[in-house]
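In: quick one: sequence plus predicted model below, questions after.
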Amino acid sequence: MDALIQPVFVVHGAGVTQPIGSMPGIARYSVDAALDRHVDRLVAAGIPGVILFGLPASKDEIGSENFAEDGIVQQALRRLRARYPDLLLLTDVCCCEYTSHGHCGVIRDGVVDNDETLDVLRTVAVSHAAAGADVLAPSGMMDGMVGAIREGLDDAGYVDRAILSYAVKYASAFYGPFREAADSAPASGDRRGYQMDPANAREALTEAAQDELEGADILMIKPALPYLDVIRAVREQTTLPVAAYNVSGEYAMVKAAAAAGWLDERAAVLESLTAMRRAGADILLTYHAGDVAQWLAAPR
Ligand code: PBG
């Protein structure tokens, strides 16, 4: 249970709890009592941390709300920091939820401009740190993102904040439900320019080593269950903590089968998460976190 991080979606508005169709049990919450009630339950169940994803009020070319002082994630961070001094607050540092084109970076001449994107990511990370984030989790697979964020945080005096890098992120079909939840599907094209080819395992080790050199504190592999071999390989290469992201599509499959009566949800979830731990993951980001914590607190 100490290993489980729950993803939480936050939206503008008041009194909003907006269920996500493709992810039964998961909703978007406004930053008020709606969010408090949700996080109160997670904390009571013993979840040590949450990772925040924001839905901005409006999107533009560079994703300005991503680094706005009153951005939705910044608001959520300040509220949660004040309410739960000991809860680990992680943030996803990426552009795709905030940009009008839905890509993970700044577009120049039709392609993602890596270096210009690094400037944005640095600013976003510092703004999250200022609002109370403990762990910054860059997820866009831009070259040099970890180094740029580390430098930005250190320069701003946030030497004590950690970086969890989405070091090994495959261009996966299993992100489908998340893109509904976060409204972040690319308007055109796909992410294969910056995410990894599912057939490639060795490149994962290069990506992980590079992020470690740049100062990552935790290395994450994503998705989880279809990539257990990669979790194991990264585990064997590094002494850093390894995380796995049990993504939205993995969650949706189990929930759909369980709803149809085809799977025992609890048994299937615990078996899957155990497999990720067995493969070498110390930390699991999973939409099942809250449920699992409750199940483990009340064994059947
Ligand atoms: C990017 C990001 C994505 C996820 C986490 N961070 C989407 C993507 O890469 O397309 C997906 C997580 C999931 O599917 O649960 N901000």
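Out: Received, thanks.

In: ignoring the adjacent residues along the chain, who's closest to residue 188?
Out: Sequence neighbours aside, residue 101 is the residue nearest to residue 188 in space, at 7.3 Å (criterion: Cβ to Cβ, 6 or more residues apart in numbering). Yep, even glycine has a C-beta here, placed from its N, CA and C like the rest.

In: okay, now the unreliable bits of the stretch 1-150 of the chain?
Out: Confidence mapping of the stretch 1-150 of the chain against pLDDT under 70 gives the ranges 1.

In: in it, what residue comes closest to the ligand?
Out: Residue nearest to the ligand within the stretch 1-150 of the chain: residue 94 (3.5 Å; Cβ to the nearest ligand atom).

In: how about the contacts made by that residue?
Out: 104, 121, 138-140 (Cβ atoms under 8 Å, 6 or more residues apart in numbering).

In: among those residues, which are in strands?
Out: With strands taken from DSSP state E, the overlap with the contacts of residue 94 comprises residue 138.

In: and residue 29, what does it touch?
Out: Counting by Cβ under 8 Å, 6+ apart, residue 29 touches 8-11, 16-18, 35, 38.

In: and of those, the nearest to residue 193?
Out: If you rank the contacts of residue 29 by distance to residue 193 using Cβ to Cβ, residue 9 comes first, at 25.8 Å.

In: that closest one touches residue 53, doesn't it?
Out: Yes: assessed by Cβ atoms under 8 Å, residue 9 is found in contact with residue 53 at 5.0 Å.

In: quick one: residue 4 and residue 295 touch, right?
Out: No: when contacts are counted by Cβ under 8 Å, residue 4 is not listed as touching residue 295 (11.3 Å).

In: pick out whichever of the two has more residues nearby.
Out: Remark: of residue 4 and residue 295, residue 4 carries more neighbours, 24 against 17, as counted by other Cβ atoms under 10 Å.

In: what sits closest to the more buried one if chain neighbours are left out?
Out: Leaving aside its chain neighbours, residue 4 sits nearest to residue 289 (4.0 Å; criterion: Cβ to Cβ, 6+ apart).

In: what's near enough to touch the one you found?
Out: 4-6, 42, 47.

In: for residue 15, see how far away it is.
Out: Separation of residue 289 from residue 15 (Cβ to Cβ, to the nearest Å) stands at 24 Å.

In: nearest spatial neighbour of residue 153, chain-adjacent residues omitted?
Out: Leaving aside its chain neighbours, residue 153 sits nearest to residue 161 (5.4 Å; criterion: Cβ to Cβ, 6+ apart).

In: OK, contacts around the one you found?
Out: Residue 161 makes contacts with 129, 133-136, 153, as judged by Cβ under 8 Å, 6+ apart.

In: neighbours of residue 27, just the number please.
Out: 17.

In: does it touch residue 17 like I think?
Out: Yes: assessed by Cβ under 8 Å, residue 27 is found in contact with residue 17 at 5.0 Å.

In: what is in contact with these two at once?
Out: residue 38.

In: okay, the contacts of residue 29 in CSV with neighbour count, secondary structure and distance to residue 217 next?
Out: As requested, the contacts of residue 29 are arranged in CSV below (neighbours: other Cβ atoms under 10 Å; DSSP: H, G, I helix; E, B strand; the rest coil; distance: Cβ to Cβ, whole Å):
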residue, neighbour count, secondary structure, distance to residue 217
8, 25, strand, 21
9, 24, strand, 24
10, 25, strand, 24
11, 22, strand, 29
16, 16, coil, 33
17, 13, strand, 33
18, 14, strand, 33
35, 25, helix, 26
38, 19, helix, 27
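
In: get me the contact residues on the stretch 151-300 of the chain for the ligand.
Out: For the stretch 151-300 of the chain, the residues in contact with the ligand (Cβ under 6 Å from any ligand atom) are 175, 178-179, 184, 191, 247-248.

In: in those, which has the lowest confidence score?
Out: Among these, residue 191 carries the weakest pLDDT, at 84.

In: pretty sure that one sits against residue 104.
Out: Yes: counting by Cβ under 8 Å, residue 104 is a contact partner of residue 191 at 6.7 Å.
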